[in-house]
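*Asks:* Below is the structure, and that's it, no one-letter string:
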């Protein structure tokens, strides 16, 4: 028993070291924001993503030594799991500690034989700790003066640099509150109050104050984005009211927040009350606990599969050259597997495609690329797959498929939120919807470029439309850093033969890109083409892309707003 105790304690110590380092990286975010150290914030975000694998690798050498010949003995792991479960009983963050245990198990067994007997496929203590959310928010009674409550709140959330004009910001918030909230709340009532999470959420170039306004049984979530003027002060950029707007701030299309949450589950529970439609797995991920988000997702997915009877089918839309995609009608997610052989002219390897997905995980997604969860050896019920889908999987990726009895094992798969493919959305869109969604499509391309990402294949089928009407890119096999591209103008033909040539008569390098050819992405959709030409014709100019490259190379970090620019406050002159 002593060996097993030491083994379990070593894993728990590894978790505590991981969590402490995670917190230390996060705690530095406030100072980085105050110093407008945007590159430092980006590096902090990437560092945290890599941290779990790093800490897991560090302790593997110790668990191997302690376990000795029992390292791959399942009975040994069964008993260690029971001991570990006892050690973390009552732990404030037991759910994340369980996921860390799973990471060690998967490192030893290479993601095979993952059973609840040996790892925490399901929790011994419940999905989420029964945290007291009242301990993680501050309360501000409105009393007879909303201005006083807002002023006090902004004072409590002040930085080591001053507000640019606090009185102006308070007045701007009050004007929106009066317009938006008075029809819904008695703002002068005695029981009105603000409940605000105790720490800022940092991401990109913003710090976000998150809370809700409460009156009796009624409540309304809100977010206050605070920005740095990159001189010596900060300012409130706008106020966002309502679950939909707050949900976009915490979207699966954005990089993870850095927030000082010593008990993450308490923040998760509070945020889930603000955004009831958002999966808890996505909230964990949004706070940087993407591995536990994956664990939580898997548990919810299992329950969905066992409580429904519809079959997995090939996902609607045009089939991809690199990925095969399937889903089920009752489910909000899609599953993507890399084909064994790619349809010409695609020329790359499976490892190169996986590297692209890893790149997206660590990049600032700018609100325009979907986050994914990556699974190895994921088991499904074979009977739930339609005959058409089974035929497709064995046709395009037989190396990834194994059948064991009633189970179908997919050796490698990505899972992401389901969206409406843009090309399908456009088929039934009104003229107004076409204009709006094509504007979104162009903005998505521009914002990705400003984040130093060139999408590569910009066909409409490679973009999706979210439930909030945002356009998101989700085909990553051809992405590359914008700064590695060579944007060129197509040379003028010098002879009639050159003008009539079916192939380019000029030299084309591997990274050469000719923006004039982007018009081909709209083949067959004249309405989309006309809307794009009217709004985003600058994307056809090589000079536009070259200008963005200069901006990125200069070290400038673009601001990515999770809200419409038109709702930003007027700043006028600083006081």
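*Replies:* Received the coordinates, thanks. If you're wondering where the values come from, they're calculated on a predicted model, not measured in any experiment. Numbers count the residues shown, from 1 in each chain.

*Asks:* where in the stretch 1-150 of the chain is pLDDT low?
*Replies:* 1 (pLDDT under 70).

*Asks:* whoops, the stretch 401-550 of the chain was the one
*Replies:* In the stretch 401-550 of the chain, no residues with pLDDT under 70.

*Asks:* Show me the contact partners of the helix or strand encompassing residue 282.
*Replies:* Residue 282 belongs to helix 280-286 when elements are defined using DSSP states H and E. Contact partners of helix 280-286, identified using CB atoms under 8 Å, 6 or more residues apart in numbering, comprise 127-128, 250, 252, 254, 256-257, 264, 268, 271-272, 275, 290, 292-294, 296-297, 300, 371. (Glycine included, C-beta is placed from N, CA and C.)

*Asks:* Let me know the next secondary structure element after that helix.
*Replies:* Following helix 280-286 in sequence, per DSSP H and E, is helix 290-307.

*Asks:* Tell me the gap between whatever helix or strand comes next after that next one and the middle of its chain.
*Replies:* Downstream of helix 290-307, the next assigned helix or strand under DSSP H and E is strand 313-314. Relative to its chain's centre, strand 313-314 lies at 25 Å (CA atoms, centre = their mean, to the nearest Å).

*Asks:* counting contacts, what elements does strand 313-314 pack onto?
*Replies:* strand 323-327, helix 387-396 (3 or more CB pairs under 8 Å, 6 or more residues apart in numbering; DSSP states H and E).

*Asks:* re the thing from before, tell me which residues of the helix holding residue 282 are tucked away?
*Replies:* 280-286 (16 or more other CB atoms under 10 Å).

*Asks:* State the mean pLDDT of that helix.
*Replies:* The average of the pLDDT scores along helix 280-286 is 97.

*Asks:* and if you look at stretch 323-337?
*Replies:* 96.

*Asks:* Same question for stretch 302-318.
*Replies:* 94.

*Asks:* Residues touching that stretch, excluding its own?
*Replies:* Residues contacting stretch 302-318 (CB under 8 Å, 6+ apart): 324-331, 334-335, 380-381, 384-386, 388-389, 392, 418, 421, 423-424, 461.

*Asks:* Selecting buried members of the contacts of helix 280-286 in ChimeraX, what would you type?
*Replies:* Command for ChimeraX that selects the buried part of the contacts of helix 280-286, burial taken from 16+ other CB under 10 Å:
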select :128,250,252,254,256,257,264,268,271,272,275,290,292,293,294,296,297,371
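
*Asks:* hang on, the earlier thing: just name the most buried of the helices and strands packed on strand 313-314.
*Replies:* Neighbour counts (mean count of other CB atoms under 10 Å) averaged over each of those peak at strand 323-327, with a mean of 21.

*Asks:* from memory residue 264 sits against residue 293, does it?
*Replies:* No - if you go by CB atoms under 8 Å, residue 264 and residue 293 don't touch, sitting 10.6 Å apart.

*Asks:* where along the stretch 101-250 of the chain do the strands fall?
*Replies:* 137-141, 193-197, 201-203, 206-215, 218-228, 234-236, 240-241 (DSSP state E, counting those that start in this stretch).

*Asks:* Out of those strands, which one sits most buried?
*Replies:* strand 201-203 (a mean of 25).

*Asks:* Tell me which strands it pairs with, and in which orientation.
*Replies:* strand 206-215 (antiparallel), strand 258-259 (antiparallel) (DSSP bridges).

*Asks:* okay, those in TSV with distance to residue 170 and mean pLDDT next?
*Replies:* As requested, those are exported to TSV (distance: least, CB to CB, whole Å; pLDDT from 0 to 100):
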stretch	distance to residue 170	mean pLDDT
strand 206-215	13	96
strand 258-259	24	98
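
*Asks:* As a markdown table, the ones you listed with distance to residue 54 would be great.
*Replies:* As requested, the strands paired with strand 201-203 are exported to a markdown table (distance: least, CB to CB, whole Å):
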| stretch | distance to residue 54 |
| --- | --- |
| strand 206-215 | 27 |
| strand 258-259 | 18 |
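
*Asks:* mind checking which of the ones you listed is nearest residue 113?
*Replies:* Closest to residue 113 of those is strand 258-259 (CB to CB; 35.2 Å).

*Asks:* who's in contact with the closest one?
*Replies:* With CB under 8 Å, 6+ apart as the test, strand 258-259 has contacts from 25-26, 29, 41, 44-45, 48, 199-203, 267, 287-288.
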